[in-house]
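Engineer: can't give you the sequence, but here's the structure:
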């Protein structure tokens, strides 16, 4: 039976399309809820690295002291960084800090691996 020039199968196709789009939207929101906090913590950690690099020369911090403070910062943000993951070079007043770590995000049907590489430097004048 035709209704406004359409048969019942076209209405069913519209509902299916809406369900598919809702599933895609729901998946996107779920992934964002899982991943965005990790990326935000990484951003805050990189900001802490930048502040540490900027003031390391003024505060006369040794590479071991810098490493220790950054590991504490990482632990406060639940970032899985070990002291050996943090690389520091300090030459002629220039301090460069980098860290390499991996976080595996469990998305129930897929294990997303995030390889993160924050870095910072003070680039003396």
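Structural biologist: Nice, I can see it. The structure displayed is predicted, hence computed values, not measured ones.
Engineer: pLDDT of the host helix or strand of residue 30, averaged?
Structural biologist: In this assignment (DSSP states H and E), residue 30 forms part of helix 8-56. Helix 8-56 comes out with an average pLDDT of 89.
Engineer: can you check stretch 117-125 too?
Structural biologist: 81.
Engineer: in that stretch, what's buried?
Structural biologist: For stretch 117-125, burial by neighbour count (16 or more other CB atoms under 10 Å) applies to 118, 120, 122. C-beta coordinates here come from the backbone N, C-alpha and C atoms, glycine included.
Engineer: what does the host helix or strand of residue 66 contact?
Structural biologist: Per DSSP H and E, residue 66 falls inside helix 63-76. Outside helix 63-76, the residues that touch it by CB atoms under 8 Å, 6 or more residues apart in numbering are 45, 48-49, 52, 56, 61, 80-83, 86, 88, 90, 95, 97, 99.
Engineer: repeat for stretch 88-98
Structural biologist: So stretch 88-98 is contacted by 49, 52-53, 56-57, 63, 66-67, 70, 86-87, 117-124 (CB under 8 Å, 6+ apart).
Engineer: quick one: mean pLDDT over that stretch.
Structural biologist: 88.
Engineer: got the buried residues for it?
Structural biologist: Applying 16+ other CB under 10 Å to stretch 88-98 flags 88, 90, 95, 96, 97, 98 as buried.
Engineer: export these to CSV and tack on secondary structure?
Structural biologist: Shown next, in CSV, are the buried residues of stretch 88-98 (DSSP: H, G, I helix; E, B strand; the rest coil):
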residue, secondary structure
88, strand
90, strand
95, strand
96, strand
97, strand
98, strand
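Engineer: ok, and the closest non-adjacent residue to the residue nearest the centre of the chain?
Structural biologist: Against the mean C-alpha coordinate of the chain, by CA atoms, centre = their mean, the closest residue is residue 39 at 2.1 Å. In this structure, residue 39 finds its nearest non-sequential neighbour in residue 114, 7.9 Å apart by CB to CB, 6 or more residues apart in numbering.
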